[in-house]
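**Q** show me the folded form of this:
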Amino acid sequence: MNVLIIDPRIAGVSGDMFLGAIIDLIGVEDPLYSLADAMTDLLDYISSIKIEVRDVRKRGIRAKQVFMDIDEHFHHIMASDIKKNAEKLCEIQGLSEKATNLVRKTLDELIESEVAVHGYDPSEAHFHELASADTLLDIIGTYALLERSNLLDSEIYAMPPALGSGYIEISHGRLPVPAPAVLEILKRHKFPVSSTPVEAELTTPTGAALLVSLTHEVVNFLPSMTIERVGYGAATGEFENVPNILRLIQGSREELVMDKIVTLETHVDDANGEVLGHMVGKLMDEGAIDVAIIPMITKKNRPGHLIKVLAELSNYQHLIDVLMKESGTLGVRIIETPRIVAKRTKKPVPLIIEGKEFQVRVKISKALDGSIISMKPEYEDLKIAANQLGIPLREVMDLAKKDIIERSDEIVRLVMGQ
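**A** Predicted coordinates:
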């Protein structure tokens, strides 16, 4: 399985940083020049686009930087026209349906964020920065380069982006960093962020839109993998202590992988069922992988419970705090445990339940030889369906599993992107 890691913790992410990092990673830049030519021919408000890719150094780290010299003249362009132009350019560039859909999704993220921030009527929304040629170059160019190198079929992870601080000047005036559109995009996806002590805009709206559109899962540390290539993309500007770069890491891993988790254990003999039930829900809400409560006989022959919490390495200290506060225990054992996990992919798919369509996340697990171990609908999504339909959850589970079995080939294609 091919793996691509997007690491914007250093200095955030922008469209030009994406372009530079991909070019540095794959050693190919031709699609960017052909896209610039197509835009000049197609869009009457663009007189010329000149692109140059250079090797630069940011705080001692070599990176690729994409320089654009664009002569364009536009005022207000409707959102619908921007999307039509993008569709035509994708067709001219010969992008696949998958890449074209990602272009649409990224533009929708930008458009919807602007609509939410400014209160536009979506059918009448017009734009300034979004209509600029460099935005279309950043978005379409990113997907053209990723497709050229077969990276769009990778398992794509992202780390929390640094946002920056200070103020920026845009067409709407002077605004604090991060820009409102960036916050809207990240908020909509509950995308975690990180911080870097830099007074500048680090993550731009285009960078945020690309990040949420590409990412399959957000991680705080590198997954188990074999690292094969690393690419660095630079942005304009120099910071005192931080290199102004985006890092991409490409590698591979087997369908079955080994990683490490933490098991938290404690004994309690003075907590009632209501307290323990609430504690389980709280731990799961705060990111526990799983929680088990096992009846036992404690010291002085008193009945009690063994509480076991499975946690990620990145989150176990926070869960210790939750466990101690909710259970009242005075001590927690910490056991670092290696584990082997099957390759798992989870995506929402339309399932028909009682004649009504619901978006239900389905998790597909695979063995080392690629065979499917299980296809399981997400419990929380089925609860929503049961509540809306007004029927027992067990009936909804049976109907969902029946639909998955009958449409198994289609479900696999939707979830695995095949």
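**Q** the stretch 1-150 of the chain: strands as residue ranges?
**A** For the stretch 1-150 of the chain, strands defined by DSSP state E, counting those that start in this stretch occupy the ranges 2-7, 46-58, 61-72, 77-78, 126-127.
**Q** chain center to the helix or strand encompassing residue 334, what's the gap?
**A** Under the assignment given by DSSP states H and E, the secondary-structure element containing residue 334 is strand 333-341. In terms of Cα atoms, centre = their mean, to the nearest Å, the centre of strand 333-341 is set 26 Å apart from its chain centre.
**Q** can you name the residues in contact with the following helix or strand past it?
**A** Counting by DSSP H and E, the next helix or strand C-terminal to strand 333-341 is strand 343-353. Strand 343-353 is contacted from outside by 1, 155, 216, 255-257, 357-366, 377-378, 381, 385, 389, 396, 399-400, 403-404, 411, 414-416, using Cβ atoms under 8 Å, 6 or more residues apart in numbering. Placement of C-beta: from N, CA and C, glycine included.
**Q** recalculate using a threshold of 6 Å.
**A** 255, 357-366, 385, 396, 399-400, 403, 411, 414-416 (Cβ atoms under 6 Å, 6 or more residues apart in numbering).
**Q** circling back: please work out which of the strands of the stretch 1-150 of the chain is packed deepest.
**A** strand 2-7 (a mean of 21; mean count of other Cβ atoms under 10 Å).
**Q** quick check: neighbours of it in the sheet, parallel or antiparallel?
**A** Using DSSP bridges, strand 2-7 pairs in its sheet with strand 155-158 (parallel), strand 245-252 (antiparallel).
**Q** now that strand: mean pLDDT?
**A** When the per-residue pLDDT values of strand 2-7 are averaged, the result is 95.
**Q** name the surrounding residues that touch it.
**A** Contact partners of strand 2-7, identified using Cβ under 6 Å, 6+ apart, comprise 151, 154-159, 225, 247, 249-253.
**Q** rebuild these as TSV, extending it with pLDDT, distance to residue 114 and neighbour count.
**A** Supplementary listing: the contacts of strand 2-7 in TSV, determined by pLDDT from 0 to 100; distance: Cβ to Cβ, whole Å; neighbours: other Cβ atoms under 10 Å:
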residue	pLDDT	distance to residue 114	neighbour count
151	94	28	20
154	91	29	19
155	90	31	18
156	94	25	19
157	94	28	20
158	95	22	22
159	95	26	22
225	83	36	19
247	97	28	23
249	97	31	20
250	96	32	20
251	94	36	19
252	87	38	13
253	74	38	16
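**Q** just the strands in the stretch 201-350 of the chain please.
**A** Listed in chain order, the strands of the stretch 201-350 of the chain (DSSP E, counting those that start in this stretch) span 217-218, 226-234, 245-252, 257-268, 290-297, 303-312, 333-341, 343-353.
**Q** now render the ones you listed as JSON lines, adding distance to residue 46.
**A** Putting the strands of the stretch 201-350 of the chain into JSON lines (distance: least, Cβ to Cβ, whole Å) gives the following:
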{"stretch": "strand 217-218", "distance to residue 46": "36"}
{"stretch": "strand 226-234", "distance to residue 46": "24"}
{"stretch": "strand 245-252", "distance to residue 46": "26"}
{"stretch": "strand 257-268", "distance to residue 46": "46"}
{"stretch": "strand 290-297", "distance to residue 46": "54"}
{"stretch": "strand 303-312", "distance to residue 46": "47"}
{"stretch": "strand 333-341", "distance to residue 46": "49"}
{"stretch": "strand 343-353", "distance to residue 46": "37"}
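**Q** returning to that earlier point: okay, the contacts of strand 2-7 in a markdown table with distance to residue 279 next?
**A** Conversion of those to a markdown table gives the following (distance: Cβ to Cβ, whole Å):
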| residue | distance to residue 279 |
| --- | --- |
| 151 | 43 |
| 154 | 39 |
| 155 | 34 |
| 156 | 35 |
| 157 | 31 |
| 158 | 31 |
| 159 | 30 |
| 225 | 35 |
| 247 | 39 |
| 249 | 38 |
| 250 | 41 |
| 251 | 39 |
| 252 | 40 |
| 253 | 35 |
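**Q** show me which of these is closest to residue 26.
**A** Each of these was checked against residue 26 using Cβ to Cβ; the closest is residue 151, at 7.5 Å.
**Q** tell me what the nearest residue to that closest one once chain neighbours are set aside is bridged to.
**A** In this structure, residue 151 finds its nearest non-sequential neighbour in residue 4, 5.5 Å apart by Cβ to Cβ, 6 or more residues apart in numbering. For residue 4, the beta-bridge assignment (DSSP bridges) gives partners residue 156, residue 250.
**Q** how close does residue 4 sit to residue 207?
**A** Distance check for residue 4 against residue 207: by Cβ to Cβ, to the nearest Å, it reads 16 Å.
**Q** so where's this structure shaky on pLDDT?
**A** Low-confidence segments of the chain, defined by pLDDT under 70, span residues 75, 120-131, 170-173, 254-258, 368-370, 417-418.
**Q** follow-up on the earlier one: rebuild the strands of the stretch 1-150 of the chain as TSV, extending it with distance to residue 328.
**A** Supplementary listing: the strands of the stretch 1-150 of the chain in TSV, determined by distance: least, Cβ to Cβ, whole Å:
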stretch	distance to residue 328
strand 2-7	40
strand 46-58	51
strand 61-72	49
strand 77-78	60
strand 126-127	55
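**Q** done for today, thanks.
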